[in-house]
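>>> from the sequence below, what's the structure:
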Amino acid sequence: MRIRMIVITLAGMLLMSGSAMAETQEVLEIDIDGMTCTFCAYGIEKNLGELDGVENVDVSLELKKARVTMKAGESANEKLIREIILDGGFTPKESSRHSKES
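Below is the predicted model of the structure:
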């Protein structure tokens with residue numbers, strides 16, 4: 001009886017751990033030239049944040065960089081992100097992609 005309870009408990013823990021597994025999110029970081037004030041950074045952050053699949057946008061005026069974190073399973077459309085930055089009057093430069101677990 002005791003072994004049966006241990007097996008049931010372990011099986012339950014195993015099932016629960018599978019549902020709590022972290023999902024992978026794509027992150028695109030892109031350097032931006034031309035930002036001179038907080039309003040510049042806010043405008044870019046607002047416009048990029050409206051894209052489908054975007055979970056979070058962080059624009060740093062100090063680093064002159066935008067970090068776009070996508071929802072799990074979504075992929076960043078770098079071409080569209082660059083177009084939005086250009087349309088705002090800024091110049092997108094080098095970019096990099098990496099993944100993080102949510």
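>>> how far away is Val54 from Ser102?
Counting by Cβ to Cβ, to the nearest Å, the separation of Val54 from Ser102 is 14 Å. From N, CA and C alone the C-beta is placed, and that goes for glycine too.
>>> okay, which residue is most central for this protein?
Closest to where the C-alpha atoms of the chain average out (Cα atoms, centre = their mean) is Thr69, at 1.1 Å.
>>> who's that one bridged to?
Taking DSSP bridges as the rule, Thr69 bridges to Val27, Asn56.
>>> hang on, the earlier thing: looking at Val54 and Ser102 now, which is surrounded by more residues?
Of the pair Val54 and Ser102, Val54 is the one with more neighbours under other Cβ atoms under 10 Å, namely 18 against 11.
>>> let me see the ranges of the helices in the chain.
2-19, 38-49, 78-87 (DSSP state H).
>>> list the helices and strands the last one packs on?
Judged by 3 or more Cβ pairs under 8 Å, 6 or more residues apart in numbering; DSSP states H and E, helix 78-87 is in contact with strand 24-33, helix 38-49, strand 65-70, strand 91-101.
>>> just want the angle from that helix to helix 38-49.
Angle, helix 78-87 to helix 38-49, by axes from the mean of the first three to the mean of the last three Cα atoms, to 10 degrees: 150 degrees.
>>> so how far is helix 78-87 off the chain centroid?
16 Å (Cα atoms, centre = their mean, to the nearest Å).
>>> got the buried residues for it?
By neighbour count on 16 or more other Cβ atoms under 10 Å, the buried set for helix 78-87 is Ile81, Arg82, Ile84, Ile85.
>>> so what's the first one up against?
When contacts are counted by Cβ atoms under 8 Å, 6 or more residues apart in numbering, Ile81 is found next to Leu28, Ile30, Leu48, Leu51, Ala66, Val68, Pro92.
>>> max pairwise distance over those: which two?
Across those, no pair lies farther apart than Leu51 and Pro92, at 14.3 Å, counting by Cβ to Cβ.
>>> more neighbours: which of those two?
Under the criterion of other Cβ under 10 Å, the comparison of Leu51 against Pro92 puts Pro92 first, with 20 against 16.
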